[in-house]
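**Student:** One predicted model, sequence on top.
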Amino acid sequence: MPRVKDLSISTEDFKTIQKFFLEHTGNSLEEGKEYLVEGRLKSLVYDEKFEDLQSLVSSLVRDPKGDLGKKVIDALTTHETSFFRDKHPFETLKTAIIPELLKSDSKEIQIWSAACSSGQEPYSLAMLIEESFMDSRDWEFNIVATEISEKMLEKCRSGLFSQFEISRGLPPHYLPWFFQRVESKWQIKPELRERIDFRYLNLCTHWGGLQQMDVILMRNVLIYFEDDIKKNIFEKILKVLKPGGHLFLGSGETPVGFEDRLQQTDFSTSACFKLVSG
Ligand SMILES: C[S@@+](CC[C@H](N)C(=O)[O-])C[C@H]1O[C@@H](n2cnc3c(N)ncnc32)[C@H](O)[C@@H]1O
């Protein structure tokens, strides 16, 4: 029987974790979230063979940028996602935004799925494009998908999903089209996997190497940031989004303080905002 370890967190260690998490990811952990930290770091204490949670925190303080730091970020970030999450953003892209973009003669569409978690969002986009815009073969649809969690990026690139993940939102007819069975899991077929450029990107630091985007999906991540960090992110969005480009936020999220530049569109059910000139 493995020895039961002390997984309770002291007030001082909780403060250390709060500071680490804020500095390295921009995510806030409010007072009272001690239970969440204890729960999420539990497996790491066992997997990395620490005596207790306190030893893990001491080791993190000695080398915050090392491997353990990355694993703590993987464990503490919230990765909830699903295929075609909220449905209406995908409907809006399919029926309004992409058809409008196809009227131009640029022959290229740039889409960025920011904070993409385990990849269901960018893969949903790729499947939708493959199904609905087959006639536009002379167009390049470039999808960039970024994440801070290395573990999530690894999962994204593998394209492997469990039956449970498949059952959450994937239209049934997509399964035989875009997936192959690999043991007990389903894997996105290589030709679709290759269409997405998965990259590490921390939204709170410099956004290097991104092209100007026609569409940005940055959903269900801004809720973890304080107002000053959100403001900084919206300023960067204004630079990366093409004039007239569209930004999707999570339902209920709004570009507070930037409403003059990022105007809510009349696609009423989507949290969709269009960049207008300032
Ligand atoms: C709740 S998930 C949302 C996933 C997807 N956008 C969706 O709406 O289904 C939030 C994701 O944001 C990522 N994240 C948190 N802080 C981040 C940061 N500073 N930079 C980039 N990604 C971050 C987390 O790792 C997590 O995968």
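**Tutor:** Cool, the structure landed.

**Student:** how close does F267 get to the ligand?
**Tutor:** Using C-beta to the nearest ligand atom, to the nearest Å, F267 is found at 17 Å from the ligand. Backbone N, C-alpha and C define where each C-beta goes, glycine included.

**Student:** So that residue sits against T92, correct?
**Tutor:** Yes - between F267 and T92 there is a contact at 4.4 Å, judged by C-beta atoms under 8 Å.

**Student:** if you average pLDDT over stretch 236-246, what comes out?
**Tutor:** For stretch 236-246, mean pLDDT is 98.

**Student:** does the ligand sit close to that stretch?
**Tutor:** No - Stretch 236-246 stays clear of the ligand (C-beta under 6 Å from any ligand atom), getting no nearer than 11.6 Å.

**Student:** Just the CA trace of that stretch, in PDB.
**Tutor:** Coordinates of each C-alpha in stretch 236-246 appear next as PDB, following Å, rounded to 0.1, in the frame of the first residue of the first chain:
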ATOM      1  CA  LYS A 236      -2.700  43.100 -28.500                       C
ATOM      2  CA  ILE A 237      -5.900  41.700 -30.200                       C
ATOM      3  CA  LEU A 238      -6.400  45.100 -31.800                       C
ATOM      4  CA  LYS A 239      -2.900  44.800 -33.400                       C
ATOM      5  CA  VAL A 240      -3.300  41.100 -34.500                       C
ATOM      6  CA  LEU A 241      -6.900  41.200 -35.900                       C
ATOM      7  CA  LYS A 242      -7.300  42.500 -39.400                       C
ATOM      8  CA  PRO A 243      -9.600  45.600 -39.800                       C
ATOM      9  CA  GLY A 244     -13.100  44.200 -40.200                       C
ATOM     10  CA  GLY A 245     -11.900  40.900 -38.600                       C
ATOM     11  CA  HIS A 246     -14.000  39.000 -36.000                       C
END
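
**Student:** which sections of the stretch 151-278 of the chain are below the confidence cut-off?
**Tutor:** 268 (pLDDT under 70).

**Student:** what does it have sitting close to the ligand?
**Tutor:** Within the stretch 151-278 of the chain, the positions adjacent to the ligand are 152, 202-204, 219-221, 224, 250 by C-beta under 6 Å from any ligand atom.

**Student:** can you list those in CSV and add secondary structure, distance to I166 and neighbour count?
**Tutor:** Listed next are those as CSV, based on DSSP: H, G, I helix; E, B strand; the rest coil; distance: C-beta to C-beta, whole Å; neighbours: other C-beta atoms under 10 Å:
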residue, secondary structure, distance to I166, neighbour count
M152, helix, 17, 21
N202, coil, 29, 15
L203, coil, 28, 23
C204, coil, 32, 18
R219, coil, 20, 24
N220, coil, 20, 20
V221, coil, 23, 22
Y224, helix, 27, 18
G250, coil, 22, 16
